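> sequence? don't have it. structure:
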């Protein structure tokens, strides 16, 4: 039987040894679940989906994530769904955590919409060779990759669900999709985005408890402040690195 090495941080490895956790069995089970989830997303055909009553891997999607996919399919107007439609669906949904993250990164959502619109082919050309040329009622190659990346991001964070924040990371990481190109051009660098999502998730539950009686605007502002505080040290390190590289050239 083939072997796969699993590397753990020293403190976790020591804790695993002390607890006597069956590493091989745990890893095998986790990998089986991850493979099933990613494979199901890869094989998804939109016409087969009932997002109101999700089945299979779709049960792992949050309600907002399912809404985003439905909006993306609607915007694709019966054609294949590309990453640009997924990002547009995320923007149209309007209340998901990914948008809080983008705002905290000082990304103008209206600018994202304008840049996406510039990348859209004219209506008469949408049934032809569009930006990502997906088959009708299916995901384009880049869109399928972005969804796989989103599932993998959720798995790596130890989450048993896939939400819009994971989709944001998947879109940014996908190298060929229109959405990733638009986001990266506006400064949504993958490492900063992952740091921002991690900060948002870490502070979200605590913040909700503090602002349950507050209005949504206050909650959004508080979450943005949390993310910015977490991002600031990384931004400063990147700026120092850029200055150093600039001096050396």
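Looks like it arrived, so ask away. What you see is a predicted model; the values in this text were computed from it and never measured. Residues are numbered from 1 along each chain as shown.

> before we move on, what SS does residue 87 have?
Assigned with DSSP: H, G, I helix; E, B strand; the rest coil, residue 87 falls in the helix class.

> what about it, how many neighbours?
29 (other CB atoms under 10 Å). C-betas here are computed from N, CA, C, even on glycine.

> what's near enough to touch it?
By CB atoms under 8 Å, 6 or more residues apart in numbering, residue 87 lies in contact with 112, 116, 171, 178-179, 182-183.

> let's go with 10 Å and repeat that
Contacts for residue 87 (CB atoms under 10 Å, 6 or more residues apart in numbering) come out as 68, 72, 98, 112-113, 115-116, 119, 143, 146, 167-168, 171, 177-180, 182-183.

> select only the buried ones of these in PyMOL?
Selection of buried members from these for PyMOL, criterion 16 or more other CB atoms under 10 Å:
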select buried, resi 68+72+98+112+115+116+143+146+167+168+171+177+178+179+180+182+183
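
> can you list the low-confidence ranges for the protein?
Where the chain drops to pLDDT under 70, the residues are 1, 34, 36-59, 78, 121-137, 203-249.

> and if we set it to 80?
Across the chain, the ranges flagged by pLDDT under 80 are 1-10, 29-60, 77-80, 120-138, 201-249.

> and residue 178, how far from residue 83?
5 Å (CB to CB, to the nearest Å).

> correction: the previous question concerned residue 74.
From residue 74 to residue 83 the distance is 16 Å (CB to CB).

> looking at the two, which one has more neighbours?
Set residue 74 next to residue 83 and count neighbours by other CB under 10 Å: residue 83 wins out with 33 against 14.

> which residue sits closest to the more buried one, ignoring its sequence neighbours?
Leaving aside its sequence neighbours, residue 83 sits nearest to residue 177 (CB to CB, 6 or more residues apart in numbering; 3.2 Å).

> can you verify my assumption that that neighbour contacts residue 116?
No: between residue 177 and residue 116 there is no contact, the gap being 11.4 Å when judged by CB atoms under 10 Å.

> so what sits against both of these two?
By CB under 10 Å, 6+ apart, residue 177 and residue 116 have these common neighbours: 83-84, 87, 183.

> among those, which are located in helices?
Applying DSSP state H to these, the entries found in helices are 83-84, 87, 183.

> need these in TSV with distance to residue 150, can you?
Shown next, in TSV, are these (distance: CB to CB, whole Å):
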residue	distance to residue 150
83	11
84	16
87	12
183	14
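
> which of those lies closest to residue 107?
The nearest member of these to residue 107, counting by CB to CB, is residue 183 at 7.8 Å.

> how near is the closest one to residue 90?
11 Å.

> overlap in contacts, the two.
In contact with both residue 183 and residue 90: 102, 112, 168, 171, using CB under 10 Å, 6+ apart.

> need the residues you listed in CSV with distance to residue 192 and secondary structure, can you?
Below are those laid out as CSV (distance: CB to CB, whole Å; DSSP: H, G, I helix; E, B strand; the rest coil):
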residue, distance to residue 192, secondary structure
102, 11, helix
112, 16, helix
168, 12, helix
171, 14, helix
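
> what's the neighbour count on the closest residue to residue 23 other than its chain neighbours?
Spatial nearest neighbour of residue 23, chain neighbours left out: residue 16 (6.2 Å); criterion: CB to CB, 6+ apart. Counted with other CB under 10 Å, the neighbours of residue 16 add up to 15.

> what ranges do the strands span in this structure?
Read by DSSP state E, the chain holds no strands at all.
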